[in-house]
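Undergrad: Dropping a prediction and its sequence here:
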Amino acid sequence: MSKTKELKALVLPVKDQNEVFIKGEFEAFCNTVEKWKESISGLKVTDEKQKDKMKMSRKARLELQKVRTSASKVKDELKKESLAYGKAVQQVYNFIEGEIKPMEKSLKENEDFVKIKEEKRIQAIEDDQSQAINQENLQEYISPNGHLDADEFDALFQLASKKKAKAEAEEKERINAVKIAEERLQKIKKLEKELEQKPEPIKQPEPIKHEGIEACFSTIRNLYENASDKKKEGVITLLKKIIKWL
């Protein structure tokens with residue numbers, strides 16, 4: 001296949017004008033490559049004495065290098081133009097899209113007015129029901145799947161409230177029972193500790209001798225009878241202390 005045909009095959013995906021344009025930009029390079037390919041087809045150095053072939057090889061290589069670098073510059077320039085073209089196309093589309101989408105949205109809202117209104121109504125009911133559940137901390141006892149009719153929700157709400165009250169009462173009883181058990185355990189431990197300790201013997205007081213008491217009262221009576229009125233009060237105070245001591 002010739003280079004021109006190969007080039008045409010490569011630009012087939014590009015439409016009309018662009019195909020012609022690309023072929024025109026690179027066709028001269030392809031023709032030059034074809035000519036050099038024919039010129040050097042039999043060029044092969046096999047001996048160090050073939051200086052002319054070496055020179056010819058250098059010349060051909062440098063010329064082909066020029067062709068390649070020139071083609072590269074054209075390629076870069078075309079790609080730059082292509083990128084600018086693609087950017088311009090995108091910007092135009094973005095403008096059109098930006099103008100159309102808001103209109104589409106507005107028209108869609110008009111089209112689905114009844115549907116949107118119903119969705120908002122249902123969402124409001126779900127929000128109210130969810131708020132009521134959260135306020136009473138009933139999330140553990142009720143989990144409605146979607147919105148419910150008022151009667152259905154009220155029935156579930158009342159049932160959940162009863163379940164919660166029952167659970168709280170049971171928990172309170174459990175805590176109280178644990179507390180009582182702990183208090184009893186502490187008392188038992190305390191009693192066991194007291195039993196482990198050896199109690200010290202209680203020293204019984206010596207019995208009071210009646211003879212001493214009678215002698216004491218006799219002495220106090222004599223003091224009282226012989227005391228002046230002023231000192232009698234002191235004797236009485238002494239007597240009260242003795243009685244209290246006994």
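TA: Arrived safely, thanks for sending. Numbers count the residues shown, from 1 in each chain.

Undergrad: For Glu97, see how far away Glu104 is.
TA: Remark: distance between Glu104 and Glu97 (Cβ to Cβ, to the nearest Å) = 10 Å. C-beta coordinates here come from the backbone N, C-alpha and C atoms, glycine included.

Undergrad: Oh, that last question was meant for Glu173, not what I typed.
TA: Counting by Cβ to Cβ, the gap from Glu173 to Glu97 is 68 Å.

Undergrad: can you give me the offset of the lengthiest helix in the chain from its chain's centre?
TA: In the chain, assigned by DSSP state H, the helix with the most residues is helix 51-111. Offset of helix 51-111 from its chain centre (Cα atoms, centre = their mean, to the nearest Å): 45 Å.

Undergrad: Could you identify the helix or strand that succeeds that helix?
TA: helix 113-135 (DSSP states H and E).

Undergrad: Let me know the average pLDDT across that next one.
TA: Averaging pLDDT along helix 113-135 yields 86.

Undergrad: packing partners for it?
TA: helix 150-196 (3 or more Cβ pairs under 8 Å, 6 or more residues apart in numbering; DSSP states H and E).

Undergrad: on contacts alone, who are the packing partners of the helix it packs on?
TA: Using 3+ Cβ pairs under 8 Å, 6+ apart, helix 150-196 is in contact with helix 113-135.

Undergrad: how many degrees apart are the helix it packs on and helix 150-196 in direction?
TA: Here helix 113-135 runs at an angle of 20 degrees relative to helix 150-196 (axes from the mean of the first three to the mean of the last three Cα atoms, to 10 degrees).

Undergrad: okay, helix 113-135 in CSV with CA atoms only?
TA: Output of helix 113-135 as CSV, limited to C-alpha atoms (Å, rounded to 0.1, in the frame of the first residue of the first chain):
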residue,chain,number,x,y,z
PHE,A,113,-47.3,19.6,39.5
VAL,A,114,-49.8,17.1,41.0
LYS,A,115,-47.1,14.5,41.6
ILE,A,116,-44.8,17.0,43.3
LYS,A,117,-47.6,18.4,45.5
GLU,A,118,-48.5,14.9,46.6
GLU,A,119,-44.8,14.1,47.3
LYS,A,120,-44.5,17.2,49.4
ARG,A,121,-47.7,16.3,51.4
ILE,A,122,-46.4,12.8,52.1
GLN,A,123,-43.0,14.2,53.1
ALA,A,124,-44.6,16.6,55.5
ILE,A,125,-46.6,13.8,57.1
GLU,A,126,-43.4,11.7,57.5
ASP,A,127,-41.5,14.6,59.0
ASP,A,128,-44.3,15.2,61.6
GLN,A,129,-44.5,11.5,62.5
SER,A,130,-40.8,11.3,62.8
GLN,A,131,-40.6,14.4,65.0
ALA,A,132,-43.3,13.0,67.3
ILE,A,133,-41.4,9.7,67.6
ASN,A,134,-38.1,11.5,68.4
GLN,A,135,-39.7,13.8,71.0
